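Trainee: Predicted coordinates and the sequence they were generated for:
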Amino acid sequence: MGEPDRSPETRIADGSAWTELCAALERAREELRDPSFPDTPADRAEYLRYLLRFFSSGIATCVEHADPDHPEFTRMMDLNRRWGLDSPDHLYLFATIRGDAEYRVSGDPGSANLLDIQVNTGHFALGAVEAMKTLGSLTGDELVKEPDGSFVLHLGGAERPGNWLALAPEARFVQVRQVFADWERERPAALVIERVGGAVIRPRLDARALDERLELLKGWLDKGGGLWRDMSKVMLALPPNTIRIPPVDRSSAHGGLRGQAYGMGSFACGPEEAVILELRPPRCRHWSVSLASWWWEAIDFTARQSSLNHAQARLDADGVFRGVIAHQDPGVPNWLDAAGHERGTLIARFVRAEASPAVRSHSVKLASLRDELPADTPHVSPAERDAALSRRRRAVWRRFRA
């Protein structure tokens, strides 16, 4: 007897492609059996929610927006699709391209503190940081704009003066980062990507195209999801309440933001404890400190102050930032709300920094926190906190609903 028919047409028609995708989802669910995972009912519930969110983002990037001939920007990370140590200050966009074509990105750059447009090889579904390579990027500062502030950026094709980035044969996606500092006033960009010279009408989806995209989505769950789980374990294995900050720009070669130093570590904070983080911010374009769960998703930053950036944080008279990780409101400006997560990932980002700073920390009893902080640390009342969180929530909604 001959080999069974495994053509895309057959795999789609008989449902085997779907069955294999469901098996990948089940393998991801089985990760709950990992003994290193936190095992409280709340943590397990959050993992299943994270899995659904991660799957939803995979559908967007691997299936719905996987056509390089008719590209569209999608939010690969969104307000309710958090993964891969997403930044609360960012708005992320993703579009699929191919290296032998030419594209045009145009629109209103918005007013975020920093706009970065990056061309990359590889894909997040490959589950390997080294599989991605940054081919080039431009920031909003570097773009040549029209009198009304709009711009046109050309990708690929013949080299031209002005806004142009080269494409290599292996180019696979465009990633846009918008970094927000003043959440209440800065507004998102309005961008469009188009293939130059391509057909305007999108052809009907065929079985081969869908089969390829479902294979990519399986990789997203198996390899991509595995990468973030493994990296989280590495961070959580570090001494608690420490951050490792590599030299500035070390990560930009593999899809990271150009000019950014990523500091990553872990935090551990019990219900009656507080962790004091101290750093002297370097001269830089943007800096932030934020908390993430075991699953490498940002802790709710809409209704909770789980992150602070340079426009939101308060520096003490000596120029030092003293953040306080705690589960209960300690009544200080720089509270970082752990939201019931006694263990998690701690992240510091420094964009266009002159140097990578040192971060110090120590744990104290929550009841004696005030004795460990400068005497002039302001007191934040419950009413003031509620007002600040309400403004924060409205600002996040505006950014993500735009």
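Mentor: Done, it's in.
Trainee: Skipping its backbone neighbours, what lies nearest Val179 in space?
Mentor: Leu114 (4.1 Å; C-beta to C-beta, 6 or more residues apart in numbering). (C-beta placed from N, C-alpha, C; glycine too.)
Trainee: how deep is that neighbour tucked in, by neighbour count?
Mentor: 21 (other C-beta atoms under 10 Å).
Trainee: which residue ranges form the helices in the stretch 201-350 of the chain?
Mentor: Ranges of helices within the stretch 201-350 of the chain are 207-219, 225-236, based on DSSP state H, counting those that start in this stretch.
Trainee: can you redo those helices as TSV with mean pLDDT and distance to Glu31?
Mentor: As requested, these are exported to TSV (pLDDT from 0 to 100; distance: least, C-beta to C-beta, whole Å):
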stretch	mean pLDDT	distance to Glu31
helix 207-219	97	15
helix 225-236	91	7
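Trainee: and the gap between the residue nearest to Val179 and Ala45?
Mentor: Distance, Leu114 to Ala45, by C-beta to C-beta, to the nearest Å: 35 Å.
Trainee: For the residue lying closest to Asp78 once chain neighbours are set aside, grab the count of nearby residues.
Mentor: The shortest distance from Asp78 to any non-neighbouring residue, by C-beta to C-beta, 6+ apart, is to Phe400 (6.6 Å). By the criterion of other C-beta under 10 Å, Phe400 has 14 neighbours.
Trainee: What residues of the helix or strand hosting Phe400 count as buried?
Mentor: Assigned by DSSP states H and E, Phe400 belongs to helix 382-401. Going by neighbour count (16 or more other C-beta atoms under 10 Å), the buried part of helix 382-401 is Leu389, Arg392, Ala395, Val396, Arg399.
Trainee: wait, the last one sits on Ala181?
Mentor: No: with contact defined as C-beta atoms under 8 Å, Arg399 does not count as touching Ala181 (11.8 Å).
Trainee: leaving aside the residues next to it on the chain, what's closest to the spatially most central residue of the chain?
Mentor: Residue closest to the average C-alpha location in the chain (C-alpha atoms, centre = their mean): Asp86, at 2.5 Å. Excluding the flanking residues, the one nearest Asp86 by C-beta to C-beta, 6+ apart is Met77, at 4.6 Å.
Trainee: separation between the one you found and Gly344?
Mentor: 18 Å.
Trainee: try Arg204
Mentor: From Arg204 across to Gly344, the span is 46 Å (C-beta to C-beta).
Trainee: Quick check on those two: which one has the bigger neighbour count.
Mentor: Gly344 (26 against 6).
Trainee: Quick check: can you list the domain ranges of this protein?
Mentor: 8-228, 238-401 (automatic domain parsing).
Trainee: weakest of those by average pLDDT?
Mentor: Of all those, the minimum mean pLDDT falls on domain 238-401 (a mean of 92).
Trainee: what does stretch 134-145 contact?
Mentor: 109, 112, 114-121, 151, 153, 162-163, 165-168, 171, 252-256, 258 (C-beta atoms under 8 Å, 6 or more residues apart in numbering).
Trainee: By neighbour count, which bits of it are buried? Give me those.
Mentor: Thr134, Leu135, Gly136, Ser137, Leu138, Thr139, Gly140, Leu143.
Trainee: Pull the most distant pair out of those residues.
Mentor: Spanning the widest gap among the buried residues of stretch 134-145 are Leu135 and Gly140, at 18.8 Å by C-beta to C-beta.
Trainee: Now do the contacts for Gly323.
Mentor: Ile276, Leu277, Val289, Leu308, Ala313, Asn334, Trp335, Leu336.
Trainee: same check, this time on Pro41
Mentor: Pro41 neighbours (C-beta under 8 Å, 6+ apart): none.
Trainee: And Gly198, by the same measure?
Mentor: Asp69, His70, Ala101.
Trainee: mind checking the SS state of Arg49?
Mentor: Reducing the assignment at Arg49 to three states with DSSP: H, G, I helix; E, B strand; the rest coil gives helix.
Trainee: What of the one 10 residues further on?
Mentor: Ile59 carries the three-state label helix when classified by three-state DSSP.
Trainee: how many neighbours does the residue nearest to it when sequence neighbours are not counted have?
Mentor: Taking C-beta to C-beta, 6+ apart, and ignoring the residues beside it in sequence, Ile59 has Leu217 as its nearest neighbour in space, at 6.7 Å. Counted with other C-beta under 10 Å, residues neighbouring Leu217 total 23.
Trainee: re the thing from before, Trp296: which of the buried residues of helix 382-401 is nearest?
Mentor: Val396 (19.7 Å).
Trainee: How about that closest one: what's its closest non-neighbour residue?
Mentor: Thr302 (4.6 Å).
Trainee: Contact partners for that neighbour?
Mentor: Counted by C-beta under 8 Å, 6+ apart, Thr302 has contacts Leu79, Arg392, Arg393, Val396, Trp397.
Trainee: Out of those, which two sit at the greatest distance?
Mentor: Across those, the longest distance by C-beta to C-beta is 12.9 Å; it joins Leu79 and Arg392.
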